[in-house]
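K.L.:
no sequence on this one, just coordinates:
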């Protein structure tokens, strides 16, 4: 049965990377017992096919490139089952939030609509407003 669990886990990993918790949930939904799930995840982790650190770094970078804030990235990684320390490491490797917010403003323009967009992406209202205001002042110079 452990070999079947590994095969099922490999199928789950075929199209996208997953965390250990996501693989565990996938296997549990297919009726595998706790022991088989743990053995399969351990085997895949040993071979590097399941790596929460790699998942977190990759996912954080992808979300940041789409204009996500640290809060939104943290929420996404927490939901995927990544532990706090790994999430903190992934966030530390990214550009800081003000720089990412400025990139969004450069792309979308300085407007109230952009402030709302940034807030929807998880940026604090004061940061979103300040970055848009800063861009507006720079444009007037």
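P.N.:
Good, I have the coordinates. Small disclaimer: the values here were computed from a predicted structure and weren't measured.
K.L.:
Scan this protein for its longest helix.
P.N.:
Across the chain, the longest stretch assigned as helix under DSSP state H is helix 125-140.
K.L.:
Against which helices or strands is that helix packed?
P.N.:
For helix 125-140, the packing partners by 3 or more CB pairs under 8 Å, 6 or more residues apart in numbering; DSSP states H and E come out as helix 97-108, helix 112-120. (Each C-beta comes from the backbone N, C-alpha and C, glycine too.)
K.L.:
buried ones in it?
P.N.:
By 16 or more other CB atoms under 10 Å, the buried positions in helix 125-140 come out as 127, 128, 131, 132, 135.
K.L.:
swap in stretch 60-76?
P.N.:
Buried residues in stretch 60-76, counting neighbours by 16+ other CB under 10 Å, are found at 60, 63, 64, 67, 68, 69, 70, 72, 73, 74, 76.
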